[in-house]
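J.: from the sequence below, what's the structure:
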Amino acid sequence: MPFAVTWISDESIFLPPTIPEVFDACGIRRCELGDWENIDFSRLRNMRQSQPEPSRKHTPWQYIPDIRLGLQLPSLEKVLVGIIIQASTRGIGEEAQIYEGNELSGFTLEEWIDWATAVSERRTVPKRILNMSMKGIMGDTERQAFEVTATEIVRRFYPLPDQAQLLLNPADANTTPRLTRTEVHHDSLPHASVAIGRAEGKDEPLKLWLLWPSTEILHLARCYGDTQAAVQFMDHGCFFVQMAGKAIHVPPNSPHAVIALQAGYIVGQTFSVTSGSFVLDPGTVQADVAGGITVEEACETRVKQLRGGLSDKKFRQMYLAQFIGTWFADAEVLRGNKCFDNLVEVWADDIRRTETCAWCEHIIAETGDYVGLDETAHARAHLTGNTRFGALRKRVRPQLADTSDGEYQLLRKNYRRKKQKRKKDL
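T.: Residues are numbered from 1 along each chain as shown. Model prediction:
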């Protein structure tokens with residue numbers, strides 16, 4: 001799935017093996033990094049020299065230097081002018097969020113002007129703007145060109161389930177003064193992003209990304225918003241420098257943190273998929289809740305994704321492996337949520353439809369071990385962790401409690417014989 005690109009020669013200076021060398025090349029002193037000053041950056045390697053290789057499959061990040069989208073998008077100076085005009089007329093938009101560190105903040109009109117002036121002069125200011133609509137800043141032609149290119153990028157790198165279609169969401173932008181940071185978090189949708197800087201700085205480094213594969217979503221909840229803890233506790237971490245005008249593909253549910261090496265903005269295009277589920281990169285309820293999603297919404301999303309995954313012919317086995325592999329991280333929350341019965345029925349419906357149990361196949365167990373249980377009880381046994389055969393016989397089907405081991409083994413043998421006969425008949 002990763003594709004071979006030809007790296008542009010004028011970027012070779014920004015392929016150092018360590019993050020401190022990136023800061024040195026950009027004239028950034030360690031004492032300017034605030035809470036990041038004490039991070040052990042030696043744990044992160046340059047992604048453009050070696051991709052992380054966790055044992056579980058995932059969608060890799062992609063840096064795309066052979067697309068120069070900066071020629072199609074407005075410079076930072078034009079965006080700042082547009083922000084001032086918007087702020088002084090109809091407002092910057094309800095979606096836009098002003099952050100100072102990790103705290104939401106705000107601006108008066110005079111503060112908008114002072115902030116935009118400071119950013120254009122490359123001064124270090126603490127506030128940044130996230131999720132700003134590009135409608136009032138980017139022309140229709142520019143926006144459409146970006147949407148087309150972003151769609152091509154995601155289609156090129158992201159595996160789609162059968163019959164699934166990409167749904168285009170409105171593009172937005174994050175405007176970030178020098179040295180402003182976004183702490184470690186995750187985005188639940190795949191997207192393509194382009195970094196844009198000053199008109200005269202077409203080839204300057206703009207963003208330093210710290211990133212982890214989606215497999216590390218299992219450990220994100222414990223360090224959400226704490227980049228220093230993420231570097232310490234999560235594995236397979238990498239970094240790369242995003243140059244002005246260059247695109248990246250960000251897989252869903254991949255933890256990442258970003259710091260602005262120079263003032264600039266990132267315009268991003270996110271995509272939903274009609275199946276509502278992701279093949280290689282499932283999220284977890286714990287991470288979604290840590291990111292601000294309600295428990296109910298996170299649990300409902302998990303059930304919806306499993307339903308779509310089990311019915312997908314192309315990636316069914318991959319969905320199963322991912323769901324079971326991440327189940328231990330979500331089990332406690334889901335078992336105590338009202339959607340748990342719906343989750344049980346999703347598994348039970350799949351057993352009825354396929355006449356076998358995907359969970360049993362995954363753990364190399366015999367479906368016949370649960371003989372005497374109906375499909376719902378069988379599914380519930382897996383999801384509650386109640387899979388000791390003797391316990392199942394006594395708790396779920398009391399009439400089997402007195403069955404001798406010999407009789408029980410005979411029941412299992414007959415079940416397997418019937419199953420093999422059904423396969424031959426098919």
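
J.: tell me the contacts of the spatially most central residue of the chain?
T.: The chain has Asn253 as the residue nearest its centroid, 1.6 Å off, counting by C-alpha atoms, centre = their mean. Neighbouring residues of Asn253 by C-beta atoms under 8 Å, 6 or more residues apart in numbering: His186, Asp187, Ser188, Ser214, Ile217, Phe278, Asp281, Pro282, Gly283, Thr284, Ala287. Every C-beta, even on glycine, is put in place using the N, C-alpha and C of the backbone.

J.: in three-state terms, label it for me.
T.: Recorded secondary structure, Asn253: coil (DSSP: H, G, I helix; E, B strand; the rest coil).

J.: just the pLDDT for it.
T.: On pLDDT, Asn253 comes in at 91.

J.: separation between it and Arg48?
T.: Taking C-beta to C-beta, to the nearest Å as the measure, Asn253 falls 22 Å from Arg48.

J.: assign a three-state SS to Gly268, would you?
T.: Gly268 ends up strand, using three-state DSSP.

J.: okay, who's weakest in the contacts of Asn253 by pLDDT?
T.: Where pLDDT dips furthest among these: Phe278, at 62.

J.: ok, now which ones touch Val303?
T.: Neighbouring residues of Val303 by C-beta under 8 Å, 6+ apart: Cys339, Asn342, Leu343, Val346.

J.: again, 10 Å this time
T.: Taking C-beta atoms under 10 Å, 6 or more residues apart in numbering, we find Val303 in contact with Leu334, Asn337, Cys339, Phe340, Asp341, Asn342, Leu343, Val344, Glu345, Val346.

J.: over to Ser50?
T.: Contacts of Ser50 (C-beta under 10 Å, 6+ apart): Pro17, Cys238.

J.: just for the stretch 51-200 of the chain, where's the confidence low?
T.: 66-72, 90-94, 136, 161-163 (pLDDT under 70).

J.: hey, where'd the helices end up in it?
T.: Taking DSSP state H, counting those that start in this stretch to define them, one finds helices in the stretch 51-200 of the chain at 76-88, 109-120, 140-157.

J.: a markdown table please, covering those helices and showing mean neighbour count.
T.: Output for the helices of the stretch 51-200 of the chain, formatted as a markdown table (neighbours: other C-beta atoms under 10 Å):
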| stretch | mean neighbour count |
| --- | --- |
| helix 76-88 | 18 |
| helix 109-120 | 17 |
| helix 140-157 | 16 |
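
J.: which of the ones you listed sits closest to Gly27?
T.: helix 109-120 (17.5 Å; C-beta to C-beta).

J.: Lys78 touches Met134, doesn't it?
T.: No. Contact between Lys78 and Met134 fails when scored by C-beta atoms under 10 Å: they sit 11.7 Å apart.

J.: now Met132: how far from Ile266?
T.: Counting by C-beta to C-beta, the separation of Met132 from Ile266 is 11 Å.

J.: so where do the strands sit in the stretch 101-250 of the chain?
T.: For the stretch 101-250 of the chain, applying DSSP state E, counting those that start in this stretch gives strands covering 103-104, 127-133, 166-168, 172-176, 181-185, 191-196, 205-211, 238-243, 247-250.

J.: from those, which stretch is densest packed?
T.: Ranked by mean neighbour count, these are led by strand 191-196 with a mean of 26 (mean count of other C-beta atoms under 10 Å).

J.: roughly how far apart are Gly336 and Asp349?
T.: Distance, Gly336 to Asp349, by C-beta to C-beta: 22 Å.

J.: give me the more crowded residue out of the two.
T.: Neighbour tally, Gly336 and Asp349, criterion other C-beta atoms under 10 Å: the higher count belongs to Asp349, 16 against 10.
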